[in-house]
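> sequence? don't have it. structure:
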C-alpha cells in the first residue's frame, strides 16, 4: 500500500498578502474547519477543490471574492 500523496497548495504571487484575496479567504476557511475538528482528509479535499477554482479564477484575473459573480461560478 502506497503513501498518500500530499498536494502542494496553489500559489499565486502576492495573493496571500491581500487580506481580501481568494487565497487569504481559503486560509481562513480552512483554519475555521480545523477549529471545528474536521478530518484531515476532508480538509485536503476541500482545499484541493477550492484551489482548482481559485486557479481558474486567477486565469481570468479574478483574485478577490467581491469580483466573483454567479455567472462565473456557473461557467466553472
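Received, thanks. Given the structure is predicted, the values throughout are model-derived calculations rather than measurements. Residues are numbered from 1 along each chain as shown.
> contacts, neighbours, all on C-alpha from now
Fine.
> max-length helix in the chain?
In the chain, taking DSSP state H as the definition, the longest helix is helix 40-59.
> Can you give the distance of that helix from its chain's centre?
Centre-to-centre, helix 40-59 and its host chain are 4 Å apart (Cα atoms, centre = their mean, to the nearest Å).
> Which strands or helices does that helix pack on?
With contacts taken as 3 or more Cα pairs under 8 Å, 6 or more residues apart in numbering; DSSP states H and E, helix 40-59 sits against helix 22-35.
> can you rerun that using 10 Å?
helix 22-35, helix 70-75 (3 or more Cα pairs under 10 Å, 6 or more residues apart in numbering; DSSP states H and E).
> Please name every helix or strand in contact with the last one.
With contacts taken as 3+ Cα pairs under 10 Å, 6+ apart, helix 70-75 sits against helix 40-59.
> Repeat that for the first one.
Under the contact definition 3+ Cα pairs under 10 Å, 6+ apart, helix 22-35 sits against helix 40-59.
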